[in-house]
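# Sequence plus the predicted model coming up.
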Amino acid sequence: MPAKGGYKWDFDSPPEIEPHTLVKHELLKDYLIQYFRAITVQPQIESVRIVLVDAFAGGGVYTRWDDKRRYEGSPLIMMRAVRQAEEEINKSRKKPLKIKPKFYFIEESDEGFRCLSRMLRESDIPYQGDISLRQGDFQQIYMSLIHEIAQLKTSKVLFILDQYGYKNVPMTVIYNIFSAFPSPEVILTFAVDSLIDYLSPNNQRAVENIGLSKHIPSGDELRTLKTARDYRQIIQKKIIQGIYQESGASFYTPFLIGSTSSSRAYWLCHLAKHYRARDVMMEHHWNNPGRFSHYGSPGMHMFSYDPKNDPLVTGQLAFEFDGAAQEVSLAQLADDLPRHIYDDVGQNGIIFSELLGKKFNDTPATIAMIRDSFELSLRDQDIQIIGKNGEMRRKAKAMKLDDIILPHPQLRLKF
């Protein structure tokens, strides 16, 4: 990933895009399309209003590294994805859906702003009249932008914070976004390896400036930790827990993307207030195996360090969201979830939606995969699932969000 200001934006000779940036753009496109499908399942929904903010928009055009063709940047990808989602949804609708977006594109550099302005002006993009293009430092203008967006009175707001490195989006920025809107989402790029490389026992400035100092050890504690073989994995988990706790989000998904231009990896973090948004992102990862990875558990303890899941210890590849990972995840969930019901919930049980609210962050599984694991638990008589009217569920796929999950009265778990 280039350093801040590393791209030389030129409309006639755009900078070369790297493969890992292409992966990010494909995720953004696919996520937006799937997002609109998920929120418009009910046929009575006739229109959807949404605000999309690209806080580090760039110049809007690249050159591909392989065939040297021009390639559109994230602002144009977002606009085309919204239009594609609307067209695809309406293919199966009797009454057409209308998506009503408002786009805010922010770019700080003079050359990037000029390039993006020309790209938007000369491209055959939809929603030309729904664009607000701003030049400036996002940290300096984001509060006024939040106040402006709040006047639009829409609950659906998505911020794309595709920063260079890790310094340009302090946690207070994300917290203020989540405090300002009923149901915002943030997709944050975070160069985790660059931050870890910079950490020093005698200098906390880097983590202080972004609001993570209380989550990262310092002094002798950090000095000792640096000698551990699993140092990077432990620090990574402390950083992501810090991002989650400081952000104000209810749900989060951090996944590693490897850079082709260096050995350093960075995170793509999705932050949201509703579990359904997290589920859509998780479905994307499972539908695109090999693009993203994590090094945690396949069950309900995704971010608790376990040497058995550390590639430095085992020599095995990271969790890659492929068929093998799905099989392992279902088996582990079928063990972890009943144990949680027995050990932590008790005989009164827990409502399915409440379980998701408390435990969904702890697993790489989708909601559909959790249902599938409950199918195994029902078969093995480890749990019971009861509807709100007292009906006993025989199949987990029929369970509803207000169903209660209880330990089976005849204990069959093997501890």
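Everything's here; your move.

# Quick check: which ranges of this protein have low pLDDT?
1-6, 258-264, 290-297, 301-319, 411-415 (pLDDT under 70).

# partners of the longest strand belonging to it, with directions?
The longest strand of the chain (DSSP state E) is strand 98-107. Here strand 98-107 is paired, per DSSP bridges, with strand 47-54 (parallel), strand 131-135 (parallel).

# Now those in JSON lines, please, with extra columns for distance to Phe251 and mean neighbour count.
C-betas here are computed from N, CA, C, even on glycine. Output for the strands paired with strand 98-107, formatted as JSON lines (distance: least, CB to CB, whole Å; neighbours: other CB atoms under 10 Å):
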{"stretch": "strand 47-54", "distance to Phe251": "19", "mean neighbour count": "20"}
{"stretch": "strand 131-135", "distance to Phe251": "28", "mean neighbour count": "16"}
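
# So for Gln34, which of those strands sits nearest?
Gln34 sits nearest to strand 47-54 of all those, at 13.9 Å, using CB to CB.

# What lies in contact with the closest one?
36, 39-40, 74-75, 78, 82, 97-106, 145, 149, 152, 154, 156-160, 162 (CB atoms under 8 Å, 6 or more residues apart in numbering).

# Tell me which stretches of the stretch 301-415 of the chain form strands.
Along the stretch 301-415 of the chain, counting by DSSP state E, counting those that start in this stretch, strands occupy 350-351, 383-386, 404-407.

# what's the closest of these to Ser117?
strand 350-351 (50.8 Å).

# Can you list the helices and strands that that closest one packs against?
strand 404-407 (3 or more CB pairs under 8 Å, 6 or more residues apart in numbering; DSSP states H and E).

# buried ones in the strand it packs on?
By 16 or more other CB atoms under 10 Å, the buried positions in strand 404-407 come out as 404-407.

# Looking at those, spot the one nearest Lys24.
Among the buried residues of strand 404-407, and counting by CB to CB, the member closest to Lys24 is Ile405, at 36.5 Å.

# coming back round to it: need the contact partners of the longest strand of the chain.
By CB under 8 Å, 6+ apart, strand 98-107 touches 36, 46-59, 75, 78-79, 82-83, 85-86, 113, 116, 120, 127, 130-136, 138, 141, 145, 149, 152, 154.

# Convert that strand to CSV, retaining C-alpha atoms only.
What follows is strand 98-107, C-alpha atoms only, in CSV (Å, rounded to 0.1, in the frame of the first residue of the first chain):
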residue,chain,number,x,y,z
LYS,A,98,-36.3,2.8,-6.1
ILE,A,99,-32.9,3.3,-4.4
LYS,A,100,-32.3,6.9,-3.6
PRO,A,101,-28.6,7.4,-2.7
LYS,A,102,-26.6,10.5,-1.7
PHE,A,103,-22.8,10.3,-2.3
TYR,A,104,-20.2,12.3,-0.5
PHE,A,105,-16.6,12.0,-1.9
ILE,A,106,-13.8,13.6,0.0
GLU,A,107,-10.2,13.9,-1.4
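
# That strand: what's the following helix or strand?
helix 110-122 (DSSP states H and E).

# sec struct for Met282, please.
Secondary structure state of Met282, per DSSP: H, G, I helix; E, B strand; the rest coil, is helix.

# Ok, the one 4 residues further on next?
Of the three states, Trp286 takes helix under three-state DSSP.

# Just give the number of residues close to it.
For Trp286, the tally of surrounding residues (other CB atoms under 10 Å) stands at 19.

# my read: it touches Gln326, true?
Yes: judged on CB atoms under 8 Å, Trp286 makes contact with Gln326 at a distance of 6.9 Å.

# Just give me how far the longest strand of the chain sits from the chain centre.
In terms of CA atoms, centre = their mean, to the nearest Å, the gap separating the centre of strand 98-107 from the centre of its chain is 20 Å.

# buried stuff in that strand?
Result for strand 98-107 [16+ other CB under 10 Å]: buried residues 99, 101-107.

# shared neighbours, Trp286 and Gln326?
Met369.

# show me where the stretch 51-200 of the chain has strands.
Under DSSP E, counting those that start in this stretch, the stretch 51-200 of the chain gives strands at 61-64, 70-72, 98-107, 131-135, 156-161, 183-190.

# ok, back up a step: what is the nearest of the buried residues of strand 98-107 to Gly299?
Closest to Gly299, out of all of these and judged by CB to CB, is Ile99, at 37.1 Å.

# mind listing what the closest residue to the closest one other than its chain neighbours touches?
Once flanking residues are discounted, Ile99 sits nearest to Glu86: 4.6 Å by CB to CB, 6 or more residues apart in numbering. Applying CB under 8 Å, 6+ apart to Glu86 gives the contacts 36, 97-99.

# just Phe178 next, same as before
Counted by CB under 8 Å, 6+ apart, Phe178 has contacts 184, 186, 247-249, 271, 273.

# what's the neighbour count on the nearest residue to it once chain neighbours are set aside?
Of all residues not flanking Phe178 in the chain, Gly248 sits nearest, at 3.5 Å (CB to CB, 6+ apart). Per other CB under 10 Å, the neighbour tally for Gly248 reads 19.

# now do Ile149
Residues near Ile149, counting by other CB under 10 Å: 21.

# Now do the contacts for it.
Contacts of Ile149 (CB under 8 Å, 6+ apart): 51, 53, 102, 104, 157, 180-181.

# ranges for the helices of this protein?
19-39, 74-90, 110-122, 138-150, 171-180, 192-198, 205-209, 219-225, 231-247, 275-287, 311-314, 323-340, 352-359, 367-379 (DSSP state H).

# Please identify which of those is closest to Ile257.
Between the helices of the chain, helix 19-39 lies closest to Ile257; by CB to CB that is 5.2 Å.

# Would you confirm that Glu111 contacts Phe11?
No: Glu111 is beyond contact range of Phe11, at 9.3 Å (criterion: CB under 8 Å).
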